[in-house]
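Colleague: fold the following.
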Amino acid sequence: MTQRIGTAGLLRRVAAGATAVLAATTLLAGCSGDTGGTSAPSKSPDPKTDLLAAVPDEKDPAFRFSGTDETGSAVSGLVDPAAKGTELTVIEKDAEAGFTMKLSFRVVEERSFMKVDFDGADELAALLKLPKKWMELDETKIEDPEGVPGYEGADPGNTGVILRVADGVAKQADGSYTGTVDLTGDPAVAEAMEGLDLAALADKAKAVPFTATVGPDGNLATLTLDIPAAGKKKAAKYAVKYYDFGTAPKITAPTGDDVQAAPASAYEMLNG
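Modeller: You can find the predicted model right below:
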C-alpha cells in the first residue's frame with residue numbers, strides 16, 4: 001500500500017479478524033496556513049503529463065481521501081506528508097452479530113495507533129476490554145510485519161502508478177480526462193489492485209476505461225476505473241477521491257488521556 005486504496009484490503013483483513021474475535025465472544029456471552037494546496041501544474045501538450053503532474057506528492061499539504069477498491073470495500077482518511085502521517089478508517093457491518101465496527105489506524109512516522117468503535121455492541125466491547133480511545137501498538141507483538149498500515153507516501157490510492165500505464169489520455173470539453181489503463185503493464189499496478197483477478201479479465205485487463213478530474217488548485221481530485229465483468233465477477237469500480245488540500249487537519253500522535261497502550265485483545269484482532 002505500496003500503500004493503496006487496496007489499503008482497504010489490509011484493513012478488511014484486520015477487520016475480518018476482529019469480526020471473528022467478536023463473533024466468538026458473542027457465542028461465549030494538511031498545512032500551515034496554506035489553503036490553496038499546491039499551485040496548478042504547468043500545462044503541457046500531453047494530457048497524460050498534466051494528470052501525472054497533479055498526483056499528490058511529498059510537497060503537498062495535508063489532505064483528505066476516500067476510495068472504494070475493486071472488491072467494494074471503502075476506506076477514508078487523511079494524509080499529512082510533512083508529518084509522515086496517515087489516518088485510515090474502514091467500517092465493517094456484521095448483520096448476523098448485529099453490530100457495526102469502525103476500525104481506524106493512525107501512523108505518525110514510526111508510531112502506530114489503532115482505535116475500534118462499536119455501534120450496537122457496547123457490552124461486547126467492554127467484555128473484550130477494548131478502550132474507546134486510541135491504542136498505541138507495539139509492533140514486536142504483531143505477527144505479520146505488514147499487519148498495520150504505515151506511511152508509504154502521499155498517494156494512498158496509487159493513482160500515479162495507475163496513470164503511468166494509461167493510454168489514449170484525452171481531455172474532454174468538461175475538463176475531465178479519459179483513457180484506458182493496462183493493468184498488466186506494471187507489476188506495481190497488479191499489487192495495487194490485489195483483489196482483482198487479472199487472469200479472469202484476460203485481454204480486458206489491458207484496456208480498462210478510466211475517468212479523472214483535476215481540481216482548480218491543480219491537484220488530482222478523482223480517479224475512477226470501470227472494471228469490466230469477467231467470469232463470475234460483476235463489473236466494479238476502483239474509485240479514489242482526494243480533497244481538502246491545505247484545509248484538512250494536520251496529523252499528530254494522540255497524547256494524554258486520548259491514548260493508552262494496546263491491550264492483548266487488540267493484538268488478537270491483528271494476529272487473528
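Colleague: okay, buried residues for stretch 53-66 please.
Modeller: In terms of neighbour count (16 or more other CB atoms under 10 Å), stretch 53-66 has its buried residues at 53-56, 60-66. For every residue, glycine as well, the C-beta is placed using N, CA and C.
Colleague: could you do stretch 95-115 as well?
Modeller: Across stretch 95-115, burial judged by 16+ other CB under 10 Å covers 97, 99, 101, 103-108, 112-115.
Colleague: and which of these is nearest D186?
Modeller: For those, the residue nearest D186 by CB to CB is V107; the value is 25.8 Å.
Colleague: what's the burial count for the residue lying closest to S112 once chain neighbours are set aside?
Modeller: What sits nearest to S112 in space, not counting adjacent residues and going by CB to CB, 6 or more residues apart in numbering, is L137, at 4.6 Å. L137 has 21 neighbouring residues, counting by other CB atoms under 10 Å.
Colleague: next, L137: phi, psi?
Modeller: The phi/psi pair for L137 (degrees, to the nearest 10) reads phi -100, psi 140.
Colleague: ok, E92 next?
Modeller: Backbone torsions of E92, given as degrees, to the nearest 10, read phi -120, psi 130.
Colleague: gap between it and T68?
Modeller: Counting by CB to CB, to the nearest Å, the gap from E92 to T68 is 14 Å.
Colleague: then Y238?
Modeller: In terms of CB to CB, Y238 sits 7 Å off from T68.
Colleague: which of these two has more neighbours?
Modeller: Y238 (28 against 19).
Colleague: quick check: which element contains the more buried one?
Modeller: In the assignment (DSSP states H and E), Y238 maps to strand 236-243.
Colleague: what is that strand packed up against?
Modeller: Applying 3 or more CB pairs under 8 Å, 6 or more residues apart in numbering; DSSP states H and E, one finds that strand 236-243 contacts strand 63-68, strand 220-227.
Colleague: can I get those in TSV including mean pLDDT and distance to N158?
Modeller: Formatted as TSV, the helices and strands packed on strand 236-243 follow (pLDDT from 0 to 100; distance: least, CB to CB, whole Å):
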stretch	mean pLDDT	distance to N158
strand 63-68	93	10
strand 220-227	96	9
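Colleague: now distance to G246 too, for those strands, in CSV please.
Modeller: Listed next are these as CSV, based on distance: least, CB to CB, whole Å:
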stretch, distance to G246
strand 63-68, 7
strand 220-227, 14
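Colleague: show me the helices in the protein, by range?
Modeller: Under the criterion DSSP state H, the chain contains helices at 8-28, 47-54, 122-127, 159-163, 187-192, 198-201, 264-271.
Colleague: any idea which helix or strand of the protein has the worst average confidence?
Modeller: In the chain, no helix or strand scores lower on mean pLDDT, DSSP states H and E than helix 8-28, which sits at a mean of 42.
Colleague: give me the below-cutoff pLDDT ranges for the stretch 101-250 of the chain.
Modeller: Within the stretch 101-250 of the chain, the stretches with pLDDT under 70 are 121-122, 124-125, 145-147, 149.
Colleague: mind listing the strands in it by residue range?
Modeller: 111-119, 134-136, 166-171, 177-181, 208-214, 220-227, 236-243 (DSSP state E, counting those that start in this stretch).
Colleague: let's have those in a markdown table, adding distance to G150.
Modeller: Conversion of the strands of the stretch 101-250 of the chain to a markdown table gives the following (distance: least, CB to CB, whole Å):
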| stretch | distance to G150 |
| --- | --- |
| strand 111-119 | 7 |
| strand 134-136 | 14 |
| strand 166-171 | 27 |
| strand 177-181 | 26 |
| strand 208-214 | 27 |
| strand 220-227 | 22 |
| strand 236-243 | 19 |
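Colleague: now T255: how far from D60?
Modeller: 25 Å.
Colleague: mind listing what the closest residue to R111 other than its chain neighbours touches?
Modeller: Once flanking residues are discounted, R111 sits nearest to A253: 5.6 Å by CB to CB, 6+ apart. Applying CB atoms under 8 Å, 6 or more residues apart in numbering to A253 gives the contacts 106, 108, 111, 113, 259.
Colleague: gap between the fourth one and L52?
Modeller: Per CB to CB, F113 is found 33 Å from L52.
Colleague: please apply the same query to the second one.
Modeller: Using CB to CB, we find V108 at a distance of 28 Å from L52.
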